[in-house]
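In: Predicted model, plus sequence, below.
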Amino acid sequence: MGGLKMYNYLESMKDDIRDAIDGYDLEEWRDRKDDFQEKLYEDLWIDDAVTGNGSGSYSCSATAKERVLENIELCVGAMQDFGVDCKTIGEKLIAGDWDYFDVAIRCSLLGQAIADVLSEFDDGLWDDIPEDE
């Protein structure tokens with residue numbers, strides 16, 4: 001493949017999740033980290049800036065096709081995770097609905113991406129938040 005760099009869904013999503021976390025009042029979640037993980041999953045499942053599942057498109061562009069084809073194993077895994085039948089997959093392929101596959105991959109990886117981000121921050125995320133005074 002030479003110098004071409006394959007698109008990394010997980011790393012891209014983790015960056016998006018870090019950005020999304022900035023919008024939360026972390027002090028509120030300090031003693032409820034498991035609840036925070038569940039809240040993130042619920043909110044980000046339909047967040048176009050993370051999964052694209054709200055509108056059905058993350059990238060709104062032709063880059064979805066390239067990303068999906070570069071990561072076909074993730075696409076196959078997502079289709080299996082969500083129990084998508086062969087007829088639907090075929091129809092989406094014929095229609096060129098690459099956003100469908102792109103969003104499915106993102107939704108499939110969401111739980112792992114959130115867990116990875118929270119574990120990265122586990123040592124420091126909560127440290128910068130002042131205790132209730």
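Out: Yep, it's here.

In: quick check: mean pLDDT across stretch 107-125?
Out: Confidence over stretch 107-125 (mean pLDDT, whole number) is 87.

In: what comes up buried for that stretch?
Out: 107-110, 113-114, 116-118, 125 (16 or more other CB atoms under 10 Å). All C-beta atoms are positioned from the backbone trio N, CA, C, and that covers glycine.

In: again, but for stretch 51-68
Out: By neighbour count on 16+ other CB under 10 Å, the buried set for stretch 51-68 is 51-53, 57-59, 64-65, 67-68.

In: name the helices or strands packed onto the least confident helix or strand in the chain by mean pLDDT?
Out: Lowest on mean pLDDT, DSSP states H and E among the helices and strands of the chain sits helix 26-29, with a mean of 86. Applying 3 or more CB pairs under 8 Å, 6 or more residues apart in numbering; DSSP states H and E, one finds that helix 26-29 makes contact with helix 33-45.

In: can you count the residues close to Ile46?
Out: Other residues within reach of Ile46, judged by other CB atoms under 10 Å, total 13.

In: Now it. Its backbone dihedrals?
Out: Dihedral angles of Ile46 (phi, psi; degrees, to the nearest 10) stand at phi -110, psi 10.

In: got the contact list for it?
Out: Residues in contact with Ile46 (CB atoms under 8 Å, 6 or more residues apart in numbering) are 53-54.
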